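Chemist: 3D, please:
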Amino acid sequence: MTRATEVIVRDVPAVRLENDVLRVTVLLHGGHVVEFRHKPLDLDLTWRSPRRGWPEPPSADFFDTYPGGWQEVLPNGGAPATYRGAVLDQHGEVAALPWECVPLDDGVRLSVAAKRTPFRVSKVLRLDGARLVVSETLENEAPVEVHAMWGQHLAFGEPFLVPGARLTLPDGVRVIPHESTINPPRRAVAPGGPYPWPVVPTPGGGTVDLSVIPEPGAPSDVVYLTGFDDGWFSLRRPSGPGVRVEWDATVLPYLWLWHELGDTTDYPWWGQAYVVGVEPFSSYPTDGLPTAVANGSALTLAPLSSLSLDWSVEVLP
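Modeler: Residues are numbered from 1 along each chain as shown. The predicted structure is shown next:
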């Protein structure tokens, strides 16, 4: 049974879902999941930004208000971009808007209408033991065809995330490196590819095993994983609990793997971040929607159409 309670967290309205195993807190401005706590272990799996960002209506720059945690990315993935005249922020635009919350018998329904693009997202969140189950619908409310990038920005941090934790994926996954270095001059993975998961070449001529979470100070990078027949990954500490995420890979065929481990010593992280994002996505790269349209990976929603997505996050013992 899922208990849902509306609360205030640092002056921002939120909804808290709870059962005997989990407590999940979602900010209603931005829809950010800022707590995914396994109650028996008193362990929160989400990452919290060291920049102390917090949603403030009206939202300013993404990094000024980004709290960390997990959020919906739609319709622009990554860098700010302009699509058919609509100026879209970093990971814009639904993570910067207020979401409506409707209590249900066994969970909640959250929904938001974008302002600069004709999209509406509605999702039902329920708890099932140690698992958060999410069922979503994305609607194009316009009488014209529109493109989108759609993703789940799942950022994992301390105390759950530790060096040596292992990321496990299905067989057959391939690694597409980002074209350029996100934190010059260093990068973890050599350009080129695609490479077989998980051992890939480094710029210096060696190799790195991307399935093992590095020590603090390792190079920042983002790569795009593809080739999923089934959408799932697990992330486990060397000893202790882990997490398993499942999703519909026919809707979100890519998995972004983002490492920010303290190597970015300028804006926005100033050497303070130790975070790994493992993010199911419809499209790539993190250069914004126009690039995804150009490479053919962007979603194409027909006039007045909709798309459904089911995904879940489970704490592993």
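
Chemist: got a list of what residue 279 touches?
Modeler: Each residue near residue 279 by CB atoms under 8 Å, 6 or more residues apart in numbering is listed here: 73, 151-154, 255-258. Every residue, glycine included, has its C-beta placed from N, CA and C.

Chemist: give me the residues contacting stretch 204-218.
Modeler: 161-169, 175, 188-189, 197-202, 223, 257, 259, 261-263, 274, 276.

Chemist: cutoff 7 Å now
Modeler: Outside stretch 204-218, the residues that touch it by CB atoms under 7 Å, 6 or more residues apart in numbering are 161, 163-168, 175, 188-189, 197-202, 257, 259, 261-263, 274, 276.

Chemist: returning to that earlier point: and which of the contacts of residue 279 is nearest to residue 193?
Modeler: The shortest approach to residue 193 among those belongs to residue 257, at 12.9 Å (CB to CB).

Chemist: show me the contacts for that closest one.
Modeler: With contacts defined as CB under 7 Å, 6+ apart, the neighbours of residue 257 are 210, 222-223, 225, 278.

Chemist: now whatever helix or strand it lives in: buried residues?
Modeler: Under the criterion of DSSP states H and E, residue 257 resides in strand 254-260. Of the residues in strand 254-260, those with enough neighbours to count as buried (16 or more other CB atoms under 10 Å) are 254-260.

Chemist: same question for stretch 135-142.
Modeler: Buried positions in stretch 135-142, judged by neighbour count with 16+ other CB under 10 Å: 135-136, 138-141.

Chemist: ok, residues contacting it?
Modeler: Counting by CB under 7 Å, 6+ apart, the neighbours of stretch 135-142 from elsewhere in the structure are 118-124, 146, 150, 301, 303-310.

Chemist: and if you look at stretch 39-47?
Modeler: 21-23, 33-37, 68-70, 155-157, 159-160, 241, 243, 275.

Chemist: same deal with stretch 24-34?
Modeler: Stretch 24-34 has contacts (CB under 7 Å, 6+ apart) with 9, 12-17, 35-36, 46, 55, 57, 67, 69-72, 94-96, 98-99, 101, 110, 112, 127, 132.

Chemist: just the buried residues of the residues you listed.
Modeler: Taking 16+ other CB under 10 Å as the criterion, what is buried in the contacts of stretch 24-34 is 9, 12-17, 35-36, 46, 55, 67, 69-72, 94-96, 98-99, 101, 110, 112, 127, 132.

Chemist: in helices only, show me the residues you listed.
Modeler: With helices identified by DSSP state H, none of the entries of the buried ones among the contacts of stretch 24-34 belong to them.

Chemist: which of those fall within strands?
Modeler: The strands, defined by DSSP state E, take in 9, 12-17, 35-36, 70-72, 101, 110, 112, 127, 132 from the buried ones among the contacts of stretch 24-34.

Chemist: per-residue confidence at residue 57?
Modeler: Per-residue confidence at residue 57 stands at 59 (pLDDT).

Chemist: the strand holding residue 257 pairs with which strands?
Modeler: strand 221-226 (antiparallel), strand 275-281 (antiparallel) (DSSP bridges).

Chemist: as TSV, those with mean pLDDT would be great.
Modeler: Supplementary listing: those in TSV, determined by pLDDT from 0 to 100:
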stretch	mean pLDDT
strand 221-226	98
strand 275-281	98
